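3D, please:
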Amino acid sequence: MMDRRCACKSIGIAVMVFCFSAVCDAQAIDIDQAKTLLAARERYYNLRTLGLSDVHVAIQPNWDLLLEGTNPAPSAKTLLNSLHFWISIDAADKLQLSHDAKAVPVDQLEAVEKIFKGMNSSVTGFFRTWSIFLLSSPFPAPGSDYAVERRANGFRFLQRQNDLDVTIDTDNEFAITEIRAVSVDRTSSLKPVLEKTPAGLVLKGYTASSRRPDGSNTSVQAALEYETVSGLRMLHKVSLDTVFQSASAKIEWTFTDYRVKVRD
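Here you go, the predicted structure:
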């Protein structure tokens, strides 16, 4: 009887120890999640962290590349080459695209406005992706509701953002391999190309795709080149291969005449 009581007592103690250990492990996981998130966010090159306040830059589209395969009238190319575009990003990450069409004849202003709307759409879409990596962070904000899972080959970050279920997969050094976003009306994927630098990982390109329930697809293949301005890595050239509803286009922009404001 004594042996049986001792055995039961030993089992009870073992269960208590197990339960206590499980609670401790759960607490450790919570702490690790916060530390893991911070480590992931700090792994990336961030212009704001490095002091960028405001930036203003001219953007020159490669019209010849965009019109490749077509036969535009000489007057059309003259019109396009007379257009000038600028981008500004303020301290609150507000993007503004402006243009100058002073040299355009009055009877062509309507056509120019259509071109500007197309530029605005493509530029805004690109910078929405680029700014996540260079101005903010692709990872959840500290203090928000998220989860982190340890995987054999890296980490997985999960978060609900409004109507989106977002999953971020990384390798063991927090280099993102894919970001997936699922909503009722679409499933999107972004696979970045990252460059290791002493100041952190820099976005050098990406493959993005989006699929809707009706089967329509949108895809973008991006390649980015940088230059150093005021000690910061700023965009020099962006090349995009896009497919939208089976229509493909090649887009290229060159960035010049930077005016960069850095915090003291």
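
contacts, neighbours, all on C-alpha from now
Fine.

can you pull out the helices in the protein?
For the chain, applying DSSP state H gives helices covering 2-42, 63-66, 74-81, 109-134.

the last one versus helix 74-81: what angle between them?
What that stands for is helix 109-134. 40 degrees (axes from the mean of the first three to the mean of the last three CA atoms, to 10 degrees).

show me what counts as buried in helix 109-134.
By 16 or more other CA atoms under 10 Å, the buried positions in helix 109-134 come out as 112, 116, 119-120, 123, 130-131, 133-134.

any idea how far Y146 is from T129?
The gap separating Y146 from T129 is 21 Å, by CA to CA, to the nearest Å.

burial measure for G143, as a count.
7 (other CA atoms under 10 Å).

over to L65?
12.

contact partners for it?
250-252 (CA atoms under 8 Å, 6 or more residues apart in numbering).

any residues touching the strand of greatest length in the chain, and which ones?
The single longest strand within the chain, with elements called by DSSP state E, is strand 247-262. With contacts defined as CA under 8 Å, 6+ apart, strand 247-262 is touched by 51-62, 65-66, 229-230, 235-243.

and what of stretch 234-245?
Outside stretch 234-245, the residues within contact range by CA under 8 Å, 6+ apart are 216-228, 248-256.

which residue packs closest to F133, ignoring adjacent ones?
If the residues on either side of it in the chain are set aside, F133 comes closest to L203, at 6.6 Å by CA to CA, 6 or more residues apart in numbering.

just S183 next, same as before
L164 (4.9 Å).

what's the average pLDDT for stretch 193-210?
Here stretch 193-210 scores 97 as its mean pLDDT.

dump it to PDB, keeping only the CA atoms.
Output in PDB follows, covering the C-alpha atoms of stretch 193-210 (Å, rounded to 0.1, in the frame of the first residue of the first chain):
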ATOM      1  CA  VAL A 193      14.500  39.600 -53.700                       C
ATOM      2  CA  LEU A 194      16.700  40.900 -50.900                       C
ATOM      3  CA  GLU A 195      20.300  42.200 -50.800                       C
ATOM      4  CA  LYS A 196      22.400  41.900 -47.700                       C
ATOM      5  CA  THR A 197      24.100  45.100 -46.700                       C
ATOM      6  CA  PRO A 198      25.900  46.100 -43.500                       C
ATOM      7  CA  ALA A 199      22.900  48.300 -42.600                       C
ATOM      8  CA  GLY A 200      20.300  45.500 -43.200                       C
ATOM      9  CA  LEU A 201      18.400  43.800 -46.000                       C
ATOM     10  CA  VAL A 202      17.400  45.900 -49.000                       C
ATOM     11  CA  LEU A 203      14.600  45.200 -51.400                       C
ATOM     12  CA  LYS A 204      16.200  44.600 -54.800                       C
ATOM     13  CA  GLY A 205      13.200  43.200 -56.600                       C
ATOM     14  CA  TYR A 206      10.100  41.000 -56.200                       C
ATOM     15  CA  THR A 207       7.600  38.800 -57.900                       C
ATOM     16  CA  ALA A 208       4.000  39.700 -57.000                       C
ATOM     17  CA  SER A 209       0.800  38.000 -58.100                       C
ATOM     18  CA  SER A 210      -2.900  38.300 -57.300                       C
END
